[in-house]
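Dropping the sequence and predicted coords here.
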Amino acid sequence: MSIEPDQLYKIRHSLAHVLAMAVLEVFPEAKLAIGPPVDNGFYYDLDLPRALSPEDLPDIQSRMEKIVAQKLDFTVSEHSIEEALKDFADQPYKKELIEDLAAKGEKTVTYYTSGTFFDLCKGPHLANTSEVPKACFELSHAAGAYWRGDEKRPMLQRIYGICFESRDAVKTYKAQVEEAKKRDHRKLGVELDLFTFSDLVGSGLPLWTPKGNILRLLLDEYVWNLRRGYGYERVEIPHITKKDLYEKSGHWEKFQDELFHITTREGHEFVMKPMNCPHHTQIFARRKWSYREMPQRYSNTTMCYRDEQSGELTGLSRLRSFTQDDAHVFCRYDQAQSEILNVLNIIEQFYGRFGFTLKARLSFHDPENMGAYLGDAATWEKSESELKALVEQKGLDYFVGIGEAAFYGPKIDFMASDSLGRPHQVATVQLDMLMPGRFGLTYTGESGQEEPVLMIHVAIMGSIERFLSVLIEHLAGNFPYWLAPTQIAVLAVSDQFNGAAEELAQKLRTDGLRVVVDTSAESVGKKIRTASLQKIPGKIVVGQQEVDSAKDAEMTFKVNWRTDLAEKYSEGPYTAQNLIQDVPSAV
RNA sequence: GCCCUUGUAGCUCAGUCGGUAGAGCAUUUCCAUGGUAAGGAAAAGGUCACCGGUCCGAUUCCGGUCAAGGGCUCCA
């Protein structure tokens, strides 16, 4: 049943051609761009006389099926550039591709022909469409895409198809997509009442509910608890600044269009901060430092604002206002290693706690393109080999990303794989050999002279919002006991036990648990269902039995734990005191 | 920002070929006093996203704006 990856690639690529053939039946005047295979199928970009709507796809798909059923051969042939330009005279996009190939020194190009259709293509393809497995593909959607990915060039129409090795594999894929939809953080955000958006406030500006804010505060507290052990100190900064700060840092020139601008009544220009590092440099710059006082480690969880293009905003993943769990370490160059090691420890502990698999990307400079970076090659290579040594020392799974460095220094970026195996970029550690210089940051060395400062940018979650979007989907909203916005639901069997339920809840709350009581006029079954749908970790039912247990001692009760916690915690019986002692709920 | 799709009650959705709208859940009240995933009844709840145009009349048709979704482009 299983199919070689090469064969699947050919099936997808060949179906892209079949797709173009089907579209040409409907729109003979269509101009073809490109049609490659992708991870989950294929697509074709075309310039069409009218916009496609979803209703067009079934017709195109059934035409594709008919074409496949014709058992067409794919044959390859070689042609001179001149010939190709003539053959594709009325296909401007193909012509451009041919001209580019010619410019690269190609003398000939290849066509793949299937039936009456031929396309400029380097292959490979199936020998015959009869090799396409039954029901292995499905047109999924149409979307716009710029010609050659350039926003200044025409917008083409892209038709996507999914394609796998068999009908069952297509079904499996669609089931995975469904599963991902169920745990989509935008959906769970509403269902679990974590955050909301308002048209009056604006897009990309999330509002956090009481429950959602508990998550934010606890995650931040957790990061802070990890940091404080390494000598970090918390600082605070205003959310706006004169533009002078960014002129000096160099961000103004590059990013001024993406900033929110404020003009005061006196005509002074301010901006909302898009990042925190320049502010933090000014805290460091307030006085002179001895080498003995280094490093200075400033931690600051704070909101940043970027005027993103409206089309880029999605859920909590990309926002106009977002909270960075930012930290900047100002240190001596000889302190970089131990400081980074500390950060790696924090990252490992933090992500390990949630069951993410981490992979580090060493984001290095591209030696072929030194113009894009500041500083000399020797400094870059030294710091990069140090980063690599550290990552190896920690035994982290890593790969090197050439050309992924920031212009001011190399980075270690972390990718977390979630429970569905999807990678997300999360934490980042960046060496900055540039900004301290721009702001003239120094410390006084042993011999009394001014020494250059190295700055290390660190974000553990990156942004709380984006991390939460990843975490919600990773856990499908089943937050661990310590993090759950509501930890325990106390459910009264009937209204005569409302008092006992309230009393128990109050005891648990006094000790810091987050508890709700359900005293509504509903059946126990209904109360269980409601609490379960809210994914509350523990449920306690209070009725005659529990009240009787309290006759000569403290009330005892059982806790019905959420499925994923049932193995971890005993169901009891507990007293309020035991529950608080035996089940760790602190950060 | 660009292309396409969508916007009806707090949520999920019907519906009106142009004559100002309906269900389930949630909410409120009443009945029931119920032991581990939906007990029963009633009520209330909508400027049909917003603004403009056509029309005797627009939630419905047209245009614009805003917002959401799928892509493209971008991401310090």
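Great, that's in hand.

Look up how far residue A:158 lies from the closest residue to residue A:117 other than its chain neighbours.
Here the nearest residue to residue A:117 in space, its sequence neighbours aside, is residue A:21; by Cβ to Cβ, 6 or more residues apart in numbering that works out to 4.6 Å. Any C-beta I mention is one placed from the backbone N, CA and C, and that applies to glycine too. To residue A:158, residue A:21 is 17 Å away according to Cβ to Cβ, to the nearest Å.

on that earlier part again, please see if the strand or helix carrying the residue nearest to residue A:117 touches RNA strand B.
Secondary structure assigned from DSSP states H and E places residue A:21 in helix A:5-26. No. Taking Cβ under 7 Å from any atom of the strand as the criterion, helix A:5-26 and RNA strand B are apart, separated by no less than 14.8 Å.

For the residue nearest in space to the middle of chain A, which three-state class applies?
Centroid-nearest residue in chain A: residue A:424, 4.2 Å away (criterion: Cα atoms, centre = their mean). The local conformation at residue A:424, judged by DSSP: H, G, I helix; E, B strand; the rest coil, is strand.

Let me know the pLDDT of it.
Confidence at residue A:424, expressed as pLDDT, is 93.

my guess is it meets residue A:472, correct?
No. In this structure, residue A:424 is not within contact of residue A:472 by Cβ atoms under 8 Å, at 11.7 Å.

and the worst-scoring helix or strand of chain A on mean pLDDT, what does it pack onto?
Ranking every helix and strand in chain A by mean pLDDT, DSSP states H and E puts helix A:251-255 at the bottom, with a mean of 87. Identification of packing neighbours for helix A:251-255 by 3 or more Cβ pairs under 8 Å, 6 or more residues apart in numbering; DSSP states H and E yields helix A:244-249.

who's in contact with the helix it packs on?
Helix A:244-249 is contacted by residues A:252-253, A:255-256, A:259, A:271, A:277-279, A:281-282, A:435, A:438-439 when judged by Cβ atoms under 8 Å, 6 or more residues apart in numbering.

Smallest gap between the stretch 201-350 of chain A and RNA strand B, at which residue?
Nearest residue of the stretch 201-350 of chain A to RNA strand B, counting by Cβ to the nearest atom of the strand: residue A:311, 2.1 Å away.

Need the pLDDT of that residue.
92.

Tell me if it really is in a strand.
No. Counting by three-state DSSP, residue A:311 falls outside a strand, being helix.

So what's the residue count around it?
Residue A:311 is flanked by 7 other residues according to other Cβ atoms under 10 Å.

Likewise for the one 10 residues further on?
Neighbouring residues of residue A:321 were enumerated by other Cβ under 10 Å; the total is 18.

and the gap between residue A:163 and residue A:383?
For residue A:163 relative to residue A:383 (Cβ to Cβ), the value is 45 Å.

Give the full set of residues in contact with the closest residue to residue A:446 other than its chain neighbours.
Counting by Cβ to Cβ, 6+ apart, residue A:446 lies nearest to residue A:291, which is 6.0 Å off, once chain neighbours are set aside. By Cβ under 8 Å, 6+ apart, the contact set of residue A:291 is A:332, A:443, A:444, A:445, A:446, A:451.

Next to RNA strand B in this structure, residues from the stretch 351-500 of chain A, please.
Checking the stretch 351-500 of chain A against RNA strand B by Cβ under 7 Å from any atom of the strand, the hits are A:406, A:493, A:494, A:495, A:496.

Would you mind giving the domain segments of chain A?
Domain assignment of chain A by automatic domain parsing yields the ranges A:5-177, A:195-475, A:488-580.

Check which residues of stretch A:48-63 are buried.
Using 16 or more other Cβ atoms under 10 Å as the test for burial, stretch A:48-63 gives A:48, A:52, A:56, A:57, A:60, A:61, A:63.

Verify the stated contact: residue A:391 with residue A:412.
Yes. Contact status for residue A:391 versus residue A:412: in contact at 6.5 Å, counting by Cβ under 8 Å.

and stretch A:136-149, anywhere near RNA strand B?
Yes. Using Cβ under 7 Å from any atom of the strand, we find that stretch A:136-149 touches RNA strand B at A:141, A:142, A:143, A:144, A:145, A:146, A:149.
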